[in-house]
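Q: give me a model of this one.
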Amino acid sequence: MHSPSSVVEPLGDPSLGARQLARGITATWWYTFSAVVFLELFLVLVWTLEAFAAPGDAIAPVVVGLGGIVWWLSTMMLLWAYRHRVDAEPGIPWARIVPPLLIATGYGALAGIVADSWLLALMPIAQSVVLLNWPRGVRLRIVVLTTALLFALAFIDGARGAMEPGAPGWLPALYAILIPAMSVSSLWWWDVLVTLDRARASEARLAATQERLRVATDVHDLQGHHLQVIALQLELAERLMGRDAEAALEQLQAARVSVDEARQGTRDLATRFRSVPLGDEVANARDLLSAAGLEVEAEIATDADDAPASALGPVIRETTTNVLRHGGGRHARLTLTRVPEGWRYEVVNDMSVEVVAESVGSGLDGVRRRIAEVGGTSDVHAEGGDFVVVVTVPPGDEASFARGGSR
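A: Residues are numbered from 1 along each chain as shown. This is a model prediction of the structure:
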């Protein structure tokens with residue numbers, strides 16, 4: 001048993017978004033777990049009340065009730081094993097599933113005898129069996145089979161007179177018949193979520209692989225062409241060295257020019273992959289914070305792509321990382337607007353206790369230095385329970401920003 005923005009690399013620590021997603025998946029699992037155990041506990045309560053209402057041995061309610069609590073606790077072991085299953089794990093984890101199944105069998109036998117109900121005898125076993133990690137497609141057949149058996153045993157109990165006629169007698173029986181299907185439907189939603197999360201992770205890995213392949217292809221084409229030309233020029237220079245020294249020198253000079261062209265082409269290629277329009281940078285920051293569970297407001301100027309990306313791009317990435325690491329995790333506001341002084345970028349987010357107690361870290365100190373180098377201004381302060389970072393840069397030439405940012 002088993003948004004209209006381009007995608008860029010995750011900002012800051014790549015595990016931050018993954019931790020937020022894992023937190024959401026864990027919360028969904030606890031909703032699923034709570035639903036299943038509540039259904040089982042309510043079923044035990046209903047059958048215990050049925051045993052109290054039926055005339056007969058006074059021990060029946062004790063066996064049905066206390067035994068039901070023990071069985072209910074054992075199903076938590078099955079749910080724990082289901083939550084921590086490993087699909088590729090060889091064999092069957094007997095140590096995890098045998099004790100709960102034995103408890104379910106023993107409880108079913110005792111409760112069925114004292115309550116004189118074949119339906120109650122099979123119900124704990126059927127419920128425990130459907131909670132196992134069956135292969136794809138098998139669980140549905142198991143649920144259909146167990147539901148049909150429980151339905152048949154309910155009619156047998158009714159024909160034997162072991163079940164009170166009318167709604168009071170059939171309500172516990174109907175609940176016992178349907179609980180395997182209700183439990184599996186909850187687990188199905190959990191499986192869907194896990195599958196979607198795996199698909200998301202696979203898609204992210206595939207996108208990263210495709211991007212690496214594209215970069216590798218561009219580098220290969222660029223360097224392959226220049227290296228081939230340089231090799232031919234050096235070979236020709238070697239052949240001419242003994243016969244015509246001046247012509248050989250010309251080929252060596254041409255090879256040096258080819259080396260410079262290759263070096264400049266590599267720089268241009270790296271710059272093209274590093275540079276992302278500012279509108280896309282802010283949109284990606286918004287999407288990343290939203291994926292981390294924050295309520296995000298974003299105001300992006302229509303001509304934001306004209307802003308100096310080399311100056312503001314690292315600032316956007318650093319401040320987004322700062323919100324993820326040190327923010328309170330509830331809300332954030334991003335604003336990129338054109339102002340008379342040039343371009344203004346503002347980040348506002350709720351503060352966590354750590355940020356209130358600690359000084360600004362080296363990341364924001366780096367933002368201050370970078371902005372000062374290009375002639376801009378920066379302001380970091382607390383305001384009404386929020387942490388505010390405001391950066392303004394002049395509308396200078398992009399090349400000058402690149403030079404300033406590289407110092």
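Q: list the buried residues in the strand ranked longest in the chain.
A: Looking across the chain with DSSP state E, the single longest strand is strand 327-339. Within strand 327-339, the residues that count as buried by 16 or more other CB atoms under 10 Å are 327-329, 331-336. In this view, the C-beta of every residue, glycine as well, is placed from N, C-alpha and C.
Q: so which of those residues is the closest to residue 279?
A: residue 336 (7.6 Å; CB to CB).
Q: tell me where the stretch 101-250 of the chain has helices.
A: Here the stretch 101-250 of the chain has its helices, by DSSP state H, counting those that start in this stretch, at 118-130, 138-160, 167-240, 245-274.
Q: ok, which of those comes nearest residue 347?
A: Across the helices of the stretch 101-250 of the chain, residue 347 has its closest neighbour in helix 245-274 (21.5 Å, CB to CB).
Q: what angle separates the closest one from helix 167-240?
A: Using axes from the mean of the first three to the mean of the last three CA atoms, to 10 degrees, the direction of helix 245-274 lies 170 degrees away from that of helix 167-240.
Q: off-centre distance for helix 245-274?
A: On the basis of CA atoms, centre = their mean, to the nearest Å, helix 245-274 sits 45 Å off its chain's mean C-alpha point.
Q: which neighbouring elements make contact with the next helix-or-strand element following it?
A: Next along the chain after helix 245-274, taking DSSP states H and E as the criterion, comes helix 278-291. Contact here means 3 or more CB pairs under 8 Å, 6 or more residues apart in numbering; DSSP states H and E; on that basis helix 278-291 packs against helix 15-53, strand 295-300, helix 309-326, strand 327-339.
Q: hang on, the earlier thing: what's the first helix or strand after the longest strand of the chain?
A: Heading C-terminal from strand 327-339, the first helix or strand you meet, by DSSP H and E, is strand 342-351.
Q: by how many degrees do that following strand and helix 278-291 diverge?
A: Going by the same axes, to 10 degrees, strand 342-351 makes 10 degrees with helix 278-291.
Q: mind listing what strand 342-351 pairs with, with the direction of each?
A: Using DSSP bridges, the strands paired with strand 342-351 in its sheet are strand 327-339 (antiparallel), strand 386-393 (antiparallel).
Q: quick one: average pLDDT of it?
A: For strand 342-351, mean pLDDT is 90.
Q: rewinding a little: go ahead and measure how far the longest strand of the chain is from the middle of the chain.
A: 23 Å.
Q: tell me the angle of it relative to helix 15-53?
A: Using the same axes, to 10 degrees: strand 327-339 against helix 15-53 is 140 degrees.
Q: buried ones in stretch 251-264?
A: Residues of stretch 251-264 classed as buried: 251-252, 254-255, 258, 262 (neighbour count, 16+ other CB under 10 Å).
Q: what are the contacting residues of that stretch?
A: Stretch 251-264 has contacts (CB atoms under 8 Å, 6 or more residues apart in numbering) with 222-223, 226-227, 229-230, 233-234, 236-237, 240.
Q: and those as a markdown table, adding neighbour count?
A: As requested, the contacts of stretch 251-264 are exported to a markdown table (neighbours: other CB atoms under 10 Å):
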| residue | neighbour count |
| --- | --- |
| 222 | 16 |
| 223 | 14 |
| 226 | 18 |
| 227 | 13 |
| 229 | 17 |
| 230 | 18 |
| 233 | 20 |
| 234 | 16 |
| 236 | 17 |
| 237 | 19 |
| 240 | 17 |
